[in-house]
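Chemist: I need the structure of the sequence given here:
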Amino acid sequence: MNEKIGTLAGAVWTALNENGVMTVKDLKKATKAKTEKDLYMAIGWLLREDKLNVEEDEKNVSLSLK
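Modeler: Numbers count the residues shown, from 1 in each chain. Now for the predicted structure:
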């Protein structure tokens, strides 16, 4: 499980590096994450490593690299 989530965290980082700010919905498409649970675990991995900025409005959560 750790390897799968670590690989997905790398895909999230790559997508954000290439595209800048992205919503969680856009990240799910870009990374081809199978489930939202997997995507959120990958995002949590990167947050724990202090690599992401998170912005939230009424409708979306947007992420970008620090």
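Chemist: give me the beta-bridge partners of Ser64?
Modeler: Asn53 (DSSP bridges).
Chemist: Going forward, the N-terminal residue is numbered 48.
Modeler: Renumbered: residue one is now 48, and that last one reads Ser111.
Chemist: tell me, how many neighbours does it end up with?
Modeler: 14 (other Cβ atoms under 10 Å). Where C-beta positions appear, they are placed from N, C-alpha and C, glycine not excepted.
Chemist: That one and Lys84: what is the separation?
Modeler: Remark: distance between Ser111 and Lys84 (Cβ to Cβ, to the nearest Å) = 22 Å.
Chemist: Isn't Met69 up against Thr78?
Modeler: No - using Cβ atoms under 8 Å, Met69 is not in contact with Thr78, being 9.7 Å away.
Chemist: what touches both of those two?
Modeler: Common contact partners of Met69 and Thr78 (Cβ atoms under 8 Å, 6 or more residues apart in numbering): Ala62.
Chemist: For Leu74, give me its contacts.
Modeler: Going by Cβ under 8 Å, 6+ apart, Leu74 touches 59, 62-63, 80, 86, 90, 110.
Chemist: Among those residues, which lie within helices?
Modeler: 59, 62-63, 86, 90 (DSSP state H).
Chemist: buried ones in stretch 97-111?
Modeler: For stretch 97-111, burial by neighbour count (16 or more other Cβ atoms under 10 Å) applies to 99, 109-110.
Chemist: Could you do stretch 71-83 as well?
Modeler: Neighbour counts over stretch 71-83 (16+ other Cβ under 10 Å) mark 71, 73-75, 77-78, 80 as buried.
Chemist: Highest neighbour count among the contacts of Leu74?
Modeler: Top of those by neighbour number is Val59, holding 26 neighbours under the definition other Cβ under 10 Å.
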